[in-house]
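Chemist: Provided below for reference: sequence and predicted model.
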Amino acid sequence: MRCRADQGRPARADRRAPDALRRPKVSLPLVALAASFAAAGVAGAQTAPPPQPQPAAVSGNPNLRPLPEGRRVAELQGLDKVTARTQRFEAPVGQPTRFGALEITVSDCLVNVPEAPPESVAYLTIVDHKPGQPEEKLFAGWMFASTPSLSALDHGVYDVRVLSCTITQGSAPPSSR
């Protein structure tokens, strides 16, 4: 039922949403153009080199600093969800380390300055090596020791978290399972 203008309420056409709230109309050629750009972006992403870790990328925190020179390692903890067993192991910076079917490479390891609360941050690349299947990159990014759920590995069998970043003096090579 339409209201008449003389009844004090605005007519139906006047009660519609303002122009700012209306959904914009999208033309079919515009959708096709966007789809072609998206496809080109996906194809380009497959050939682009992986981003290199940069300490500035870690939330711009001025308290984070690299460890002094030496044999830098990230102390990690792995959980096998099938057996419910945890294992602590060291992963040297720049060298791949195995945990079950996972290959973990630590590219960088940062710690807070002594005046700030303790924090360790590591840039990890985790690749799954399932038998008879091509390797699959599961994770590439910064993991924080204080907040492991902030950037976590999503895997059905394994869980990996950073415990700390340290310098070791000629200790045994990292364990592998």
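Modeler: Great, that's in hand. Numbers count the residues shown, from 1 in each chain.

Chemist: got the contact list for residue 129?
Modeler: 101, 102, 103, 135 (C-beta atoms under 8 Å, 6 or more residues apart in numbering). C-beta here means a position set from N, CA and C on the backbone, and glycine is covered the same way.

Chemist: now render those as JSON lines, adding neighbour count.
Modeler: Shown next, in JSON lines, are the contacts of residue 129 (neighbours: other C-beta atoms under 10 Å):
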{"residue": "101", "neighbour count": "16"}
{"residue": "102", "neighbour count": "21"}
{"residue": "103", "neighbour count": "18"}
{"residue": "135", "neighbour count": "11"}
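
Chemist: same list, those, but as JSON lines with distance to residue 152, secondary structure and pLDDT please.
Modeler: Listed next are the contacts of residue 129 as JSON lines, based on distance: C-beta to C-beta, whole Å; DSSP: H, G, I helix; E, B strand; the rest coil; pLDDT from 0 to 100:
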{"residue": "101", "distance to residue 152": "18", "secondary structure": "coil", "pLDDT": "92"}
{"residue": "102", "distance to residue 152": "14", "secondary structure": "strand", "pLDDT": "94"}
{"residue": "103", "distance to residue 152": "18", "secondary structure": "strand", "pLDDT": "96"}
{"residue": "135", "distance to residue 152": "20", "secondary structure": "coil", "pLDDT": "90"}
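
Chemist: ok, residue 121 - contacts?
Modeler: Shown in contact with residue 121 (C-beta under 8 Å, 6+ apart): 58, 64, 109, 110, 111, 142, 143, 144, 145, 162, 165.

Chemist: all set now, cheers.
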